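In: A structural model of the following input is requested.
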Amino acid sequence: MPTYKIRGVDVDFPFDAYDCQIVYMEKVIRSLQEGCNALLESPTGTGKTLCLLCATLAWRKRFGDFLTSGNEERSNFSLSHSSGSQSAENGQTNYPVIIYASRTHSQLKQVIRELKTSNYRPKMAVLGSREQMCIHDEVRLLRGRAQNNACHYLCKKRLCPHQPGVSEYMKKHHELGNEPFDIEDLVNTGRTMGLCPYYISRELHKVVDILFAPYNYLIDPGNRRSLSGIQWNNAVFIFDEAHNLESICADAASFDLPSGYLTACISEAKQCVDLCIKRRVIEKSADKEFDPENYAILRALLLKLETRIAEVAIESRELGFTCPGDYIYEFLSDLNITYETANMLVDTIDNAALLLEEGNTSGAGTGIKMKGAVCRLESIRNMLNIIFRDGGKDHAKFYRFHVQESQSSITDSLKGKVSRTLSWWCFNPGLAMQQFESLGVRSIILTSGTLSPLDSFALELNLEFPVRLENPHVISPNQVWVGVVPSGPSSQPFNSSYKNRDSLEYKQELGNSIVNFARIVPDGLLVFFPSYYMMGQCIECWKDMGHASSSDFSTIWERICKYKQPIVEPKQSSLFPRAIEDFESKLRDNTTSGAIFFAVCRGKVSEGLDFADRAGRAVVVTGLPFSTKTDPKVRLKRDYLDHYATLQKKQSKVLTGEEWYVQQAARAVNQAVGRVIRHSLDYGAIVFCDERFAQQNWQCQMSYWLRPHIKCYPKFGDVVFTLTRFFRDKGICDLKPKLSKSCTTEKSLVPLEKTFSLKSITSLAPTTEHCSRKSLSSVLSTNTRSGFDHLEQIVPANRSSVSNELVFCSTLQRSVNHFCHKKRLPLKEGISKNIKYQDTVLVDLASDTSTSEQACEVAFAATIAKRPKTLELVDNVECQKDTDSKWPADFGSSTSVRLTQHVQVGKATFQQPTSHKEKHNSSVPCTDKTSGSAFLMQVQEKLTVAEYKEFVGFMKALKSKTMKITPLLESIAKLFSSPGRFSLLERFKDFVPAKYHPIYEQLLRVHGTNNDV
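Out: Now for the predicted structure:
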């Protein structure tokens, strides 16, 4: 298992790390060390989760051993005390706690699976809802608040057989949590021992190194207060899949109160009054907790609230009634609801929930029968907690008070009542983040595959993120096809705007294009629409219409079904699992060429589902998914942002309403596009069927990894031709059927075979195999580090004392095969059987090479002449010098490379030179001329003296690291873009490191177009 020293932290990583993984872990560790916040985007398939876990736990381990077997006494001590005791709090003073949050339980299960693949074994716990953990025969059948209320009631009455023994069990079994486990494992343990898994997890969280929990445990203040064993000022928050975090935070701080729901609350209050009277008669008790007068007062207040909402003057049904956020206090004060009385109402509602649960329970003892009452009064309690949070009114400035008429229910219509909804919407998601800051949290790390654009995301959360990253993908350029299709087969423009979307010509042209895509794309095809309305309109049109100029009388829909079996995303969540099963079964059907899934941006298909390999070979985005401008919440959000933008200073960054509106659509597109290319060996196509995607301002808002691959195709015929060729080429070398079972979302990037690591052969040569493992040599030197940031002092952590040269022990079959492939060298049979190698890979990622660096001279020939031999093969295998590499070693690094002693491959032996001098003396002449020298001669012929001098200056700048690779490539491309020099521009790509090919290909397209003109 390789060990990397990143910013002084020893990171054990289970596989050889890609460039982007090293950069990602460096950003994580920097955020933790500096105690600042980080915003990190890394595409799905880049091993983001594993990198995050390894980097974070490696940093945590520097404070001391994990709280597992070596700290049993301390763990026991802390658990034996109550959660609020000072002793328990002092137990973790010097040990930071990592709280890893994700949106769903299934995502957390995947994270824990990644933890199992790592070398780290921290003390852990996982929190979940009763829905996932309850093992009570009857309570587990309930859902939501009814289940919570039933659990509270049974525990209070000590009628649950599983909860009482939890504390005693935890004192005797402190080893629980030493090995990674998920919720299913905990439930199985609970069933075996007869103990409640939910309360076991609540006890276990008090002494852990890392805690896994859903978002709501951190965002919701009530849930957060229940985590009494956590020292917040020594905690690190990690939000994975954080692309929707802003909306989740805003929704958690807002509420909507429909009139129908308020009517149900009034009915429950009346029910509480009756239950209290009945109870007093039977038990003859005067318990103040169940005084009927309290519930009578509650009911009267709710009736007045209902009347007050009905009296609000609404001049326009479309606009509703809107006031600033602090109007809510004036509105409620008329009902005598203030901060003081609100607390009493909250206590009354809490008692009402217990009373209603007891009233809906029949039987006694262990045979108790739960009816599953849902206490709607709790929504009133939540509403009051939001309004009177922290006892102040300062947060009201981030809100808007809104009342609107809604569609009346049948009951209200019969009574002649108008249905209305009272809303108090929060438009500052940063409120939750500000609470985290007030708790003194050490660091907040937000990460996802689709956070772009980062600036707007940071502004929305109103939080400083000094550490930011937009990571590239680990795939090669030939693994993805990305095209903007501005028009269809009949040259009808694609534009899904409000003015054009109902056009018959537009829908017909889009349908005929999808027929072509269904014919070309193998296996699974995903088609995303901006809204359910547009999807319904298009499918309805396609079922009735054919092609205007076609003699074929079949409809567009029938022609789509000829190639792929269709599935349509349902609006109802309950029907969605069935749709997924249908898609999977049709995908396995060999009678057609696959299945096509029609879905909606921001819908269920676009969120969190894994369409890896055959399940998703292409995504078609049919338009820009703008929210409805007339929607009250969208309109008021835009007004709110525009209002606060005018109040800010001119120098400060602000987010306007229009910018937010556009970026929300862009982020939804990025999320939909992320359904394909799910791992390093995957491939697929992304098709944008809207002419607006050709605009630079839209492409700039796409995910960072996607931008270099985007190409606009003015003619639909070019789309068909290139897309067909892409999948034809992939079909020839497709290894996916053998790999699909082992490659899943966020799996660690395990190569089929390890690539030969000698940088003279692989790191600077163009990538030839899309499914091979990328060499680490581009990050093994100080000069070819990622363009994102300078990685400081990355040294092998498991090395005691070695020289500043790279030591890389890897002699696998892939090594020799790759070497022989490069020069067509014959490989003797049986060589692979005799390979002997060391398991441990020692990687020096930042050796001090300042002593070995030489100043760049005028020509490359001088550099080439100085290069040492790096590999010697004995017995019938020709000597291969580094000068056969297309590019001088000094282009990317001056770090020397050598192999460890006596690494044997059959009769061929890799021998370790003893010194630089010995390397030079043992060089064996080679007859091939260096392609670098030949290219230099062409450059000198084509350029003027001044331009050639400028070119050499660029190469010197690269060697001395005074200029970054991206602007340097742009400058060289400009030199070679003049008429008659385009051949130089094209050939120079052969000398560019593979990881910079996407950047250079984009330059080729730009300057190539200019050259054609």
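In: contacts, neighbours, all on C-alpha from now
Out: Noted.
In: which residues touch the residue most central in space within the chain?
Out: Taking CA atoms, centre = their mean, the centroid of the chain lies closest to Ser448, which sits 2.3 Å from it. Contacts for Ser448 were tallied using CA atoms under 8 Å, 6 or more residues apart in numbering; they are Leu40, Glu41, Ser42, Pro43, Asp240, Glu241, Ala242, His243.
In: If we ignore the residues flanking it in sequence, what's nearest it?
Out: Glu241 (4.5 Å; CA to CA, 6 or more residues apart in numbering).
In: Got phi/psi on the closest residue to Pro522 other than its chain neighbours?
Out: Excluding the flanking residues, the one nearest Pro522 by CA to CA, 6+ apart is Ser593, at 6.0 Å. Reported as degrees, to the nearest 10, the phi and psi values for Ser593 are phi -90, psi 20.
In: Burial check on Asp350, number of neighbours?
Out: Asp350: 15 surrounding residues under other CA atoms under 10 Å.
In: actually Val281, not the one I typed
Out: By other CA under 10 Å, neighbour count at Val281 equals 11.
In: got any ranges where the stretch 351-500 of the chain has weak pLDDT?
Out: Along the stretch 351-500 of the chain, segments meeting pLDDT under 70 span 360-374, 408-417.
In: all helices in it, in order from the N-terminus.
Out: Along the stretch 351-500 of the chain, counting by DSSP state H, counting those that start in this stretch, helices occupy 377-387, 410-415, 430-439, 454-461.
In: With mean neighbour count and distance to Asp682 added, can I get these in JSON lines?
Out: As requested, the helices of the stretch 351-500 of the chain are exported to JSON lines (neighbours: other CA atoms under 10 Å; distance: least, CA to CA, whole Å):
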{"stretch": "helix 377-387", "mean neighbour count": "19", "distance to Asp682": "46"}
{"stretch": "helix 410-415", "mean neighbour count": "11", "distance to Asp682": "52"}
{"stretch": "helix 430-439", "mean neighbour count": "17", "distance to Asp682": "36"}
{"stretch": "helix 454-461", "mean neighbour count": "19", "distance to Asp682": "26"}
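In: Those helices: which one's closest to Cys51?
Out: For these, proximity to Cys51 was assessed by CA to CA; helix 454-461 is nearest, at 20.4 Å.
In: which residues make contact with the closest one from outside it?
Out: Residues contacting helix 454-461 (CA under 8 Å, 6+ apart): 39, 246, 428-431, 433, 451, 464-465, 653-655, 660, 663.
In: let's see it at 10 Å
Out: Helix 454-461 is contacted by residues 38-41, 243-247, 249-250, 427-434, 451, 462-465, 468-470, 641, 653-656, 659-660, 663-664, 667, 701, 703 when judged by CA atoms under 10 Å, 6 or more residues apart in numbering.
In: now it, how far from the chain's geometric center?
Out: Centroid separation between helix 454-461 and its chain, computed with CA atoms, centre = their mean, to the nearest Å, is 16 Å.
In: okay, Leu609: pLDDT?
Out: Note for Leu609: predicted pLDDT of 80.
In: who's in contact with it?
Out: Ile580, Ala672, Gly674, Arg675, Val676, Thr745.
In: State the helix or strand in which it lies.
Out: Using DSSP states H and E, Leu609 maps to neither a helix nor a strand.
In: got the phi/psi numbers for it?
Out: Torsion angles, degrees, to the nearest 10, at Leu609: phi -90, psi 150.
In: Could you list the low-pLDDT ranges of this structure?
Out: 69-93, 283-289, 360-374, 408-417, 546-553, 649-651, 732-931, 959-962, 1008-1013.
In: Specify the angle between the longest helix seen in it and helix 377-387 in degrees.
Out: When the chain is parsed with DSSP state H, its longest helix is helix 259-283. Here the directions of helix 259-283 and helix 377-387 differ by 120 degrees (axes from the mean of the first three to the mean of the last three CA atoms, to 10 degrees).
In: For the very next helix or strand once past helix 259-283, what is the distance to the chain centroid?
Out: Beyond helix 259-283 on the C-terminal side, the first helix or strand identified by DSSP H and E is helix 292-311. Distance, stretch centre to chain centre, for helix 292-311: 46 Å (CA atoms, centre = their mean).
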